[in-house]
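Student: Task: produce atomic coordinates for the following.
(2 chains)
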Number of protein chains: 2
Amino acid sequence: MKKKIIVTIGREFGSGGRIIGKKLAEALGIAFYDKELIHLASKESGISGEFFEKSDEKKSSNLMKAFALGFSVDSTLYQYDNYLSDESFFQIQADVIRQVADEGSCVIVGRCADYILRENSACINIFVNASEEDRLVAIMKDKEVDEKEAKEIMRKTDKSRASYYNYYTDKTWGASQSYDLCVNSSVYGIDRTVAFILSFVEE
Amino acid sequence: MKKKIIVTIGREFGSGGRIIGKKLAEALGIAFYDKELIHLASKESGISGEFFEKSDEKKSSNLMKAFALGFSVDSTLYQYDNYLSDESFFQIQADVIRQVADEGSCVIVGRCADYILRENSACINIFVNASEEDRLVAIMKDKEVDEKEAKEIMRKTDKSRASYYNYYTDKTWGASQSYDLCVNSSVYGIDRTVAFILSFVEE
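Tutor: Predicted coordinates:
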């Protein structure tokens, strides 16, 4: 039997971390979880996937959350205690992450999986970054926006991911000390970075 | 002719970054610079090596510097403008770093070499960290101190290195974004970490 392996991947927006994770999972022949976690959390909790989508890797305002759950503005004032807190949503997703990690080897992208699975000795925690130049090119292409807009999306998404991570973990998002390996994907590009991470994981 | 290569290594205190750099240089058959830079800077400037030693990778107080240069307490009050600033000492060391990088392939440990050589396309910038547990064991053995003292030395040295780096560069010490590759040496130990970095450098 092959040894169980859980690879968690944190990533800067536009760094290629998601695709690197997907290719890594394919190369290792193991499961891959990114947005898939949202559907699982929704299925598990019975709460609309739309809401999980909206609060994915960011801390949402109570008002926005109330709307997502279908309350009117007035009713939010009275039903404040009746809907789930950010922390509860985090816990639902954390349970799903622990569950998929229990089920077998996999690659999990983002969502503080490294922290949630910190007691799991099968875990290897990786962070992917890239040069700002390369990230902007990737975002412009992916989102079909100009450079100025891409820069704004990049800044906001990274800020949101960092706040989410720093709030729920006792570590710092993107700090080398929070991971086992951090790689700048601009140095060798996506495919060679995958091969390189693979050699680290397979040691 | 083999392609020129400059590897810079930042490191947490006690992480094994220095020895990893030394073994990497040996494996690549290239020069290694750590404390050697102090002697070169001293030779270059005619200023006592003892002073460079004292201000190595830390910002020193003016009073301490005055003592290092042989002034009495009283004379420092009058000769304030007569001795070199921290920045001048940094510049002397920066010149030495640029010089050794010009001369040929090498591994350079610490001293903001990644930033000083940021225009040099032969550069690969690496950061080594390790678990607190492993670092404390290494420091206790190396400095012959108990755990409490080792913790204090570790905290102070890292703080000092971070301040020095963050002051002289536009990057953050230990942040993955500041380097091409960051490795936790606790995952595979010194020798396998060397082999792994070697595979990244030799790509």
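Student: what's in contact with the helix or strand where residue A:197 lies?
Tutor: For residue A:197, the host element (DSSP states H and E) is helix A:189-202. Under the criterion Cβ atoms under 8 Å, 6 or more residues apart in numbering or on different chains, residues A:5, A:7, A:16, A:19-20, A:23-24, A:27-28, A:124, A:126, A:128, A:180-181, A:183, A:185, A:187-188, B:196, B:199-200, B:203 lie in contact with helix A:189-202. Quick note: C-beta positions are derived from backbone N, CA and C, even for glycine.
Student: how far off helix B:189-202 does that helix point, in degrees?
Tutor: With axes from the mean of the first three to the mean of the last three Cα atoms, to 10 degrees defining the directions, helix A:189-202 sits at 160 degrees from helix B:189-202.
Student: pLDDT averaged over helix A:189-202 - what is it?
Tutor: On average, the pLDDT along helix A:189-202 is 94.
Student: Is residue A:32 in a helix, a strand, or coil?
Tutor: strand (DSSP: H, G, I helix; E, B strand; the rest coil).
Student: Which residue comes closest to the spatially most central residue of chain A once chain neighbours are left out?
Tutor: For chain A, residue A:110 is the residue whose C-alpha lies nearest the centre (Cα atoms, centre = their mean; 2.0 Å). Spatial nearest neighbour of residue A:110, chain neighbours left out: residue A:57 (5.7 Å); criterion: Cβ to Cβ, 6 or more residues apart in numbering or on different chains.
Student: Next one: that neighbour relative to residue B:43, how far apart?
Tutor: Remark: distance between residue A:57 and residue B:43 (Cβ to Cβ, to the nearest Å) = 53 Å.
Student: quick one: which of those two has more around it?
Tutor: It is residue A:57, of residue A:57 and residue B:43, that has more neighbours when counted by other Cβ atoms under 10 Å in any protein chain shown, with 16 against 11.
Student: thinking again about what came up before, and the buried ones among the contacts of helix A:189-202, selectable in PyMOL?
Tutor: Listed next is the PyMOL selection for buried residues among the contacts of helix A:189-202, using 16 or more other Cβ atoms under 10 Å in any protein chain shown:
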select buried, (chain A and resi 5+7+16+19+20+23+24+28+124+126+128+180+181+183+185+187+188) or (chain B and resi 196+200)
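Student: Residue A:149: neighbour count?
Tutor: So residue A:149, with other Cβ under 10 Å, has 13 neighbours.
Student: residues touching it, list them.
Tutor: Contact analysis of residue A:149 by Cβ under 8 Å, 6+ apart lists residue A:143.
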